[in-house]
Structures are given as structure tokens and as C-alpha cells.
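**Q** Predicted model, plus sequence, below.
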Amino acid sequence: MTYRSVTDVDPARVTALVVGVEHYAAGDGWRLPGPACDALRFYAWLRERGVPESNILLHLSPAGDRQPGPAHRPADHATLRDALVRELSTRRGDVLWVWWGGHGVLDQDERVRLYCADATADDRRNIDLESARRRLASDALAGFGHQTWVVDACQTFDERHGFPDTLPTEHLPAGGRTDVHAQALLLAATRGQRAANDPERRTGLFSDLVLKTLDQTGIGAAPDPVPLFAGVRALVEREWAAGRTEQLPTLILKRPGHEETLRPAAARAGNRGGLAALNRVVDVLLTYPLTHSLDERQTLVLLLEPRLTAQMRRNPAARPDLVAIVRAHGNRADDLWALYEAVASLDSDPGRAAELRSAIDGLAHD
């Protein structure tokens, strides 16, 4: 799939649906600082490239009392549904952006559901991503042959969240099939994964890297998604190497009769061990009570070789901290076994030790 170069795309023919949901009706437990800020950064990027303000449908649910600068619309289910079903159908243009940041899950049918601002634990109002995509790929949308979607949301399995009720389901109405629309979906994570968010910097990891790539390339308002994703992928793999994330962003290219999926190369623990093997070691380490305490993890680190841990980026959360620890020991089998010995010296439970031996052996020989 190819996009025309920016030189022959009039910014006035670019339209964007931009959504950032930080505050949910479900309450403070759902608060997600970052998506509204990222949406405003993307809004500013579009405006800097000449896209008219009237062409940007900005839907925000910001956290706290902070009021964003530009006028925006609500991000509740009814308003977002109306934008997808009615308002976009009245627009005319060549290029469509859909930017969405907020909470999401993967349902039992393997479909990504994106929560709206009025979602509660008992009524999890959402937009079905695949249903929305199909509508905008049909003749219900005139023009807009080039569509780029950026979705920064988790794809964790819905049933693991323990909600009392199932997800409400709605498939948006779609028109007839056409040969017009080419769609590129840049997704922050893959099946079963969380999308990392930095509440202190108020940004999603994926959104931040997409925006940095857009800024660095100096491209106009209609970039080719393949090199855009390549730039994001390079930045994500640096985050992997530093142990700051495990997510695997995905690019899905769709046009009539064709679908292609691209992902970053499976990250490595140093130069050894695939993603599955590394995750198994981390999963076993998480069965040790000591790994859930930052102080006790620090005691473990003090038992390890300083040459391996001196430059290691620490994290107060258990899993990313353990990922960094395992990665720091991933270049040599001897280092991995030194990690095993250190853990075993702090907790001698034979069952856990056997599981950890097996997991480390799998990583060391991957």
C-alpha cells in the first residue's frame, strides 16, 4: 500500500478524528493521565501542517480540572458513535486520520474494544475497533482513500479483569464493499499486551514515539505509514533493549483483497533468548514473594554482578523491574545462572527453584 507524497496532498483535504480519554465515569480507578495530552500534541502537529481546525474532530475527556486550549467535544459513547456514523459521512477529502488514546481490552472474539468516557464497571460503553474500521472502509464514507489509524490502547484479555458483566456489543452500520479505501492501523500493543503509559510525563509510550517520529521526519500531513512505522519500531526496540517496555506495536495494512501485518522483531534479552523464553523467566520470578517488594528486589540486585547492574534502569513496578534484571543477565549463560543462584540464596523453596531452573535453562539455550 502506498500513500501519495505530501507535495500532492492538500492539507485542506485532510480530516482527523482525534480522541483522548483520561477520565472515565467508572471513577478514579480508571484514571489514565496522558491520552488527552497526546491527542492535543497530535492536534498541534496537524495544525502546524496546515490542516484546518474545522477538519479536526477533537474529542477529549481530560483528567482533573485542567482545561485544554482548543475547543473540544465530549468523548462519551453517543458522541463518538455519532462522529463515526454520521459526521464523518458528511465530510469530503482524500486523507483521514483516526487517533485514539485510552483504555482498551481484547474481547472473547479477539476484537479490540475501546472504552468511551462514560464507561463504568457495570456498563462498559465502548467502540468496537474492527466495526469502526469496517464502516470507514465501506461506501458509507465517500472519498478518504488513504486512512491512517493510531490506537494507543491495551489489548489485555477482557476475562482477566474480573468485571461482573460482559461487554456490551454493537456493530456500527456499514455500507457496501468498495475498492477505494486503503487503511493502515498502527496499534500500540499486540494480543494480550498492555500499552505502557507514563503518568508523570502524561503520555503513552506508543503515542510519544509516534509523535517523536512524526516530528523528526519533517513530513507533511499525509505520511506513508510503512516508513512511519519503521521509525516508531526502531524507537520501540531501544525501549525494549533498556527494559522499559515489553509491548510489541503492530502495523496492519488493509486494502480490498489484501491484508499484511508487520511487527517489531521479537525483542531479545541482550543477544540471547526470545520473547517467550524471557517472559517465562519473569513469570516464574513473580511467583517468588520477594520479587513483589522493591526493597527485597534491591537486596537481590546487590547480590548480582555490578558490571551487569550498574547501568540497569530500575522501575518501582515489579514486572518491568524484573524484565530489566533478566535482560541485564541475558548475554551469557553463566550470568543467567548467577541470577538463579542469587534468587535461590534468598528463597530456597524447592518447587520454585525447579521452575526457575527450567525457565533459565530455556532462556540460556534459546
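**A** Received, thanks.
**Q** how about the strands of the stretch 101-250 of the chain, start to end?
**A** 104-106, 112-115, 126-128, 146-152, 182-187, 197-198, 203-204, 250-255 (DSSP state E, counting those that start in this stretch).
**Q** Just put the ones you listed in a markdown table and tack on mean neighbour count and mean pLDDT.
**A** Bear in mind the C-beta positions are built from the backbone N, C-alpha and C, glycine included. Below are the strands of the stretch 101-250 of the chain laid out as a markdown table (neighbours: other CB atoms under 10 Å; pLDDT from 0 to 100):
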| stretch | mean neighbour count | mean pLDDT |
| --- | --- | --- |
| strand 104-106 | 23 | 96 |
| strand 112-115 | 24 | 98 |
| strand 126-128 | 22 | 98 |
| strand 146-152 | 24 | 97 |
| strand 182-187 | 22 | 95 |
| strand 197-198 | 19 | 88 |
| strand 203-204 | 24 | 94 |
| strand 250-255 | 18 | 91 |
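**Q** Any chance of TSV for those, columns distance to Val281?
**A** Listed next are the strands of the stretch 101-250 of the chain as TSV, based on distance: least, CB to CB, whole Å:
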stretch	distance to Val281
strand 104-106	25
strand 112-115	29
strand 126-128	35
strand 146-152	28
strand 182-187	26
strand 197-198	25
strand 203-204	27
strand 250-255	24
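**Q** can you tell which of these is closest to Leu172?
**A** Each of the strands of the stretch 101-250 of the chain has some distance to Leu172 by CB to CB; the shortest is strand 126-128, at 7.2 Å.
**Q** which ones are touching Pro227?
**A** By CB atoms under 8 Å, 6 or more residues apart in numbering, the contact set of Pro227 is Thr217.
**Q** Per-residue pLDDT of it, please?
**A** Looking at Pro227, its pLDDT is 88.
**Q** just Arg194 next, same as before
**A** Note for Arg194: predicted pLDDT of 89.
**Q** Let me know the distance separating it from Leu363.
**A** 22 Å (CB to CB, to the nearest Å).
**Q** cool, and Thr148?
**A** For Thr148, the distance to Leu363 equals 37 Å [CB to CB].
**Q** what residue ranges in the protein are flagged as low confidence?
**A** Along the chain, the parts satisfying pLDDT under 70 run over 1-8, 65-68, 218, 241-243, 264-274, 331, 366.
**Q** Got phi/psi on the spatially most central residue of it?
**A** The residue lying closest to the centre of the chain (CA atoms, centre = their mean) is Ala188, at 2.4 Å. Dihedral angles of Ala188 (phi, psi; degrees, to the nearest 10) stand at phi -70, psi -30.
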